[in-house]
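Enquirer: sequence first, predicted model second:
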Amino acid sequence: MAVSFGGAGLILANHAVAHMSRTLCAVPRARAIHSTAVCCKHQAARIRVGKGDKPVTYEEAHPPHHIAHRKGWLSQHTSNLDRETGAAERTVEDIFIRRFIFGTFHGLLANELVIKRRGNMLVVCALFTQKIPAYKLYFLIGYTETLLSYFYKCPVKMEVQTVKDKVVYKYL
Amino acid sequence: MLWKVYCALSPTACGVTLFLCWICQITVTDEPDVLYQKVEVLVKGHDRAVLDSYEFFTTMAAKELGINISKVEEPKKKIERLTLLKSVHIHKKHRVQYEMRTHYRNFEFLRLTGSTARVFLEYLQRNLPEGVAMEVTKTEIEKVPEHILEPLWNSIPEKEQSSQ
């Protein structure tokens, strides 16, 4: 609820002007102080509407309450199911993998990674732009797979798709 | 005698999966094969559509292999809700709510032999989609042990006569 303290001051000032019309000094304008309650807007994974020049992918355009309705899951494992354990470890692994791949394939990611776990195996599905030649991409993919498999002691596979440019869903 | 053998196999829990070579030699032994009265498979997942497609796959596979499916049930989904504080510090009145939904599907296969059950379950587990967990309950049939076959009261009167 906005409260303005300036109103009363303005009325008084007007009366003062009416009575003291001969005074030389100018009546100062009253300044208003506005105070509001805490602005409790949701701001998680949301891009606010702007001027219309910002390209945005389908994934970025939809806020999290659209998951399971218009969006899928980016990280698929069983530890968040009822009576299953290991959610924290999987989450930490996912965060590390996302940062690692963001850094290794610098400037190439067209969309968020999709991480799937089938049995013991870790499958990382990625969408890259075609900014570097193919042989360099193959090397980086092999390097990521080997390093992550040694790190997590499980087979790691990357399923990669390349795209010419980032796929734009809309402009916000 | 009926024994229940319960083994929970969620893809994240198993460290080393048993590897059965599909082109392996067929072993013939004198031991009789284990018999199962029923094998219950409970599949859980976050997405109902994924479980629908897995149900279609399982029923088709069982029909092709000639395995008896008695029922395919869908137990009610479970929703786990969390209400947490939205802010790092104070602002107790403003909270965020999250929920985790688990959908279930129950398959029941009747009258399987041990080897059929082993092969069929391995096939199902290898084709389990990511993000879906499976729990298997097997109900085994065993032959009644010989010392319980005859009732005890048949042997007692002989002893009383001998004592007197």
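Expert: Okay, I see it.
Enquirer: need the longest strand for chain B.
Expert: Ranked by residue count, the top strand of chain B under DSSP state E comes out as strand B:95-113.
Enquirer: at the contact with chain B, which residues of chain A appear?
Expert: A:38, A:40, A:68, A:73, A:76-82, A:84-86, A:90, A:116-120, A:123 (CB under 8 Å from any CB of the partner chain). For every residue, glycine as well, the C-beta is placed using N, CA and C.
Enquirer: give me the buried subset of those residues.
Expert: A:73, A:76-81, A:84, A:90, A:116-119, A:123 (16 or more other CB atoms under 10 Å in any protein chain shown).
Enquirer: just give the number of residues close to residue B:79.
Expert: A count of nearby residues for residue B:79, using other CB atoms under 10 Å in any protein chain shown, gives 10.
Enquirer: any idea which element it lies in?
Expert: Using DSSP states H and E, residue B:79 maps to strand B:78-85.
Enquirer: contact partners of that strand?
Expert: Outside strand B:78-85, the residues that touch it by CB atoms under 8 Å, 6 or more residues apart in numbering or on different chains are A:82, B:91-92, B:94-102, B:104.
Enquirer: which strands border it, and is each parallel or antiparallel?
Expert: When pairs are called by DSSP bridges, strand B:78-85 turns out to pair with strand B:95-113 (antiparallel).
Enquirer: quick check: what element follows the strand it pairs with along the chain?
Expert: Taking DSSP H and E, what comes next after strand B:95-113 is helix B:114-126.
Enquirer: quick one, what contacts residue 70?
Expert: You didn't pick a chain, so chain A it is. By CB under 8 Å, 6+ apart, the contact set of residue A:70 is residue A:62.
Enquirer: wrong chain, I was asking about chain B
Expert: B:38, B:108, B:109, B:110.
Enquirer: what does residue A:155 give?
Expert: Residue A:155 is in contact with A:120, A:121, A:122, A:149, counting by CB under 8 Å, 6+ apart.
Enquirer: where's it relative to residue A:106, distance?
Expert: Note on residue A:155: its distance to residue A:106, by CB to CB, to the nearest Å, is 25 Å.
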